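> Here is a sequence with its predicted model. Questions after.
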There are 2 protein chains.
Amino acid sequence: MADINFSTAAAQPDSPGTDVSGPGPRTGDLRWDIIELLFFAYRDFVGDADQELEAFGFGRAHHRVMHFVTRYPGLKVADLLDVLRITKQSLGRVLKQLLDEGYILQKTGSNDRRQRLLYATAKGEALVAKLAGLQTDRINRAVAGLDPAGVETVRAFLRAMIDRDDPDKVLETIFGGAAKKTRE
Amino acid sequence: MADINFSTAAAQPDSPGTDVSGPGPRTGDLRWDIIELLFFAYRDFVGDADQELEAFGFGRAHHRVMHFVTRYPGLKVADLLDVLRITKQSLGRVLKQLLDEGYILQKTGSNDRRQRLLYATAKGEALVAKLAGLQTDRINRAVAGLDPAGVETVRAFLRAMIDRDDPDKVLETIFGGAAKKTRE
DNA sequence: AAGATACGTCAATATGGCTGACATAAATTT
DNA sequence: AAATTTATGTCAGCCATATTGACGTATCTT
C-alpha cells in the first residue's frame, strides 16, 4: 500500500525557493483535523492488506496491480500505467512476477494484436478478494454507526476529493463516463 | 458497472487450474466502491503536496516529520517513531537533514536529559502551513456540498477507520485521551 | 513504405524502507 | 557504587519500488 503519506521531493540544498514567506501562511483556517484523520485512516486501511501480502512475498505494488486487473478485466498495460501513475519499467517488474506466478495472465488483443489484455486468474481473484475482505471489514466497522444517507455522504466526500480534470479509464468508469475530459 | 468498455473484446481466457480456493472468497458483499474511492482520493490528496515540495528538495518522509513536529511541538524521537511506524535508522536520515537545513530544532529534555524534544522552526512551520493549505483547499472543495452535519459524518467515518487498540501519543491527543491503551 | 503505437527490456540511479550491531549518555534499579 | 535499562545516534549493508533514457520488435495506420 502505498503510501501513508503526505508529500515528496528531490534534494536541493540552498534551494532557490527557500521563500516560504509567500502570501503569508494561513494559520487559523487549515483543516488539520481532517488532514490527520486521512493520514491515520489510510495508514491503517492499507495496513490491513500489508500483513497478508507478506505471506505471499508480495508488496503493495502487487496488490494494486492485481486489484485493478481483477476489477477491470481486460485492462491494457497502458491503462494500468495511467491508473497507478508509475512508469512501465516499474510496472514491468511487478507484472512479470505476477504473470510468472500465475496470478495474472495476458491475452493478445483481438482487434489490436499489439495489446496485452490483462486478466486475473482464479488464484489472483481469490487473493484480491481476501484482501478486499479485510478492508471491507474495516469499512463496515466504520460505517456501522451511520445511516444509509451517512454512507452516501462519505461516498460523495471521497468522490469530491478526486481530481476529475484528467481521468484515466478506471476513473471514467467509476464516475460513469460523466467525467469531464479537458483534453479531448 | 464492473466491466465497461475496458477492452475491445473481453472473452474470459481459460484460467489455469490454479485453484487457491479456501473457504470460498466473498464475492458480493465487498465494498469495492469505497476501497477504490479511498485509493484515488488519497492518491490525489498526497499529490497536492508532492509537487510543492520538489522546489525545496524534500520527500514525503520530510513532510511527515515536519507535519507532526509542527503540530505537536516537543514531540520526542520515540513518539515520532510510533506515529510514523518506521525505524529510527530511517527517521535518522530524514531528521538529520531537516535539522541541518533549519526546519526543525532539538532541545534536550529538562526532566530527562536523554530525550531530544523536537520543535519546528519558523521556516519549518511556514512550509508545513503552505502544504496544509493546498490540502485544505482540496478538502474545502470536497465538503462544499455538505452541510455541517455531513462534515461531522465524514469525520466520524475517518475516526472509525483508525485502529484504536494501540494508540500512539498523537492519536491519544486526537482522540482526547479516551483511547484505550491495551499495554500499559 | 513510412511512421506511429503498444509493449518489453537493459542499464543506471534514487528514495525510503528494513535488520543487526554497536556506542554513548543519562536515568533507574539493585 | 555498580549494574542495568532507556533514549538516542550511527555504521554497514540489504531490499522494494520508483525514476529516466535508450533501444528493439511487432503491429497498426497512413
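Right, received. Where do you want to start? Numbers count the residues shown, from 1 in each chain, chains lettered A, B, ... in the order given.
> Run through chain A and note the low-pLDDT ranges.
Applying pLDDT under 70 to chain A flags residues A:1-25, A:177-184.
> What are the boundaries of the helices in it?
When assigned using DSSP state H, the helices of chain A occupy the ranges A:32-56, A:60-71, A:77-84, A:88-100, A:122-143, A:148-161, A:169-174.
> Next, format those as a markdown table and append mean neighbour count and distance to residue B:130.
From N, CA and C alone the C-beta is placed, and that goes for glycine too. As requested, the helices of chain A are exported to a markdown table (neighbours: other C-beta atoms under 10 Å in any protein chain shown; distance: least, C-beta to C-beta, whole Å):
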| stretch | mean neighbour count | distance to residue B:130 |
| --- | --- | --- |
| helix A:32-56 | 18 | 13 |
| helix A:60-71 | 22 | 28 |
| helix A:77-84 | 18 | 28 |
| helix A:88-100 | 14 | 29 |
| helix A:122-143 | 20 | 31 |
| helix A:148-161 | 17 | 20 |
| helix A:169-174 | 20 | 28 |
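> can you list those in CSV and add distance to DNA strand D?
Below are these laid out as CSV (distance: least, C-beta to the nearest atom of the strand, whole Å):
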stretch, distance to DNA strand D
helix A:32-56, 8
helix A:60-71, 3
helix A:77-84, 7
helix A:88-100, 3
helix A:122-143, 14
helix A:148-161, 20
helix A:169-174, 16
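> TSV for those, including distance to residue B:119?
Listed next are the helices of chain A as TSV, based on distance: least, C-beta to C-beta, whole Å:
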stretch	distance to residue B:119
helix A:32-56	17
helix A:60-71	33
helix A:77-84	38
helix A:88-100	37
helix A:122-143	34
helix A:148-161	31
helix A:169-174	41
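> nearest to residue B:46, of those helices?
helix A:32-56 (8.8 Å; C-beta to C-beta).
> contacts for that closest one?
A:1-2, A:4-6, A:59-60, A:62-63, A:127, A:130-131, A:134-135, A:137-138, B:38, B:42, B:45, B:71, B:85, B:132, B:135-136, B:139, B:154-155, B:158-159, B:161-163, B:170-171, B:174 (C-beta atoms under 8 Å, 6 or more residues apart in numbering or on different chains).
> can we see that at 7 Å?
Outside helix A:32-56, the residues within contact range by C-beta atoms under 7 Å, 6 or more residues apart in numbering or on different chains are A:1-2, A:4-6, A:59-60, A:62-63, A:127, A:130-131, A:134-135, A:138, B:38, B:42, B:45, B:71, B:132, B:135, B:139, B:155, B:158-159, B:161-163, B:171, B:174.
> Residue B:102 is nearest to which of the helices of chain A?
So among the helices of chain A, helix A:32-56 is nearest, using C-beta to C-beta, at 23.2 Å.
> Report the inter-axis angle for that closest one versus helix B:32-54.
In terms of direction (axes from the mean of the first three to the mean of the last three C-alpha atoms, to 10 degrees), helix A:32-56 departs from helix B:32-54 by 110 degrees.
> Distance of the closest residue to DNA strand C within chain A relative to residue A:116?
Across chain A, the shortest distance to DNA strand C (C-beta to the nearest atom of the strand) belongs to residue A:78, at 3.0 Å. Distance, residue A:78 to residue A:116, by C-beta to C-beta, to the nearest Å: 10 Å.
> Next: residue A:156.
36 Å.
> give me phi/psi at whatever residue of chain A ends up closest to chain B?
Nearest residue of chain A to chain B: residue A:74, at 2.8 Å (C-beta to the nearest C-beta). Main-chain dihedrals, residue A:74, degrees, to the nearest 10: phi 90, psi 10.
> Quick one: neighbours of it, just the number.
Residue A:74 has 23 neighbours, counted by other C-beta atoms under 10 Å in any protein chain shown.
> just checking, it touches residue A:117?
Yes: Residue A:74 is within contact range of residue A:117, at 4.6 Å (criterion: C-beta atoms under 7 Å).
> Could you pull up phi and psi at the closest residue to DNA strand D within chain A?
The nearest approach of chain A to DNA strand D comes at residue A:59, 1.6 Å away (C-beta to the nearest atom of the strand). Dihedral angles of residue A:59 (phi, psi; degrees, to the nearest 10) stand at phi -120, psi -170.
> how close does the residue found closest to it once you drop the neighbours it is linked to in the chain get to residue A:47?
Of all residues beyond its chain neighbours, the one nearest residue A:59 is residue A:53 (6.4 Å), with distances taken as C-beta to C-beta, 6 or more residues apart in numbering or on different chains. According to C-beta to C-beta, residue A:53 stands 11 Å off from residue A:47.
> Same check on residue A:138?
Taken as C-beta to C-beta, the span from residue A:138 to residue A:47 is 9 Å.
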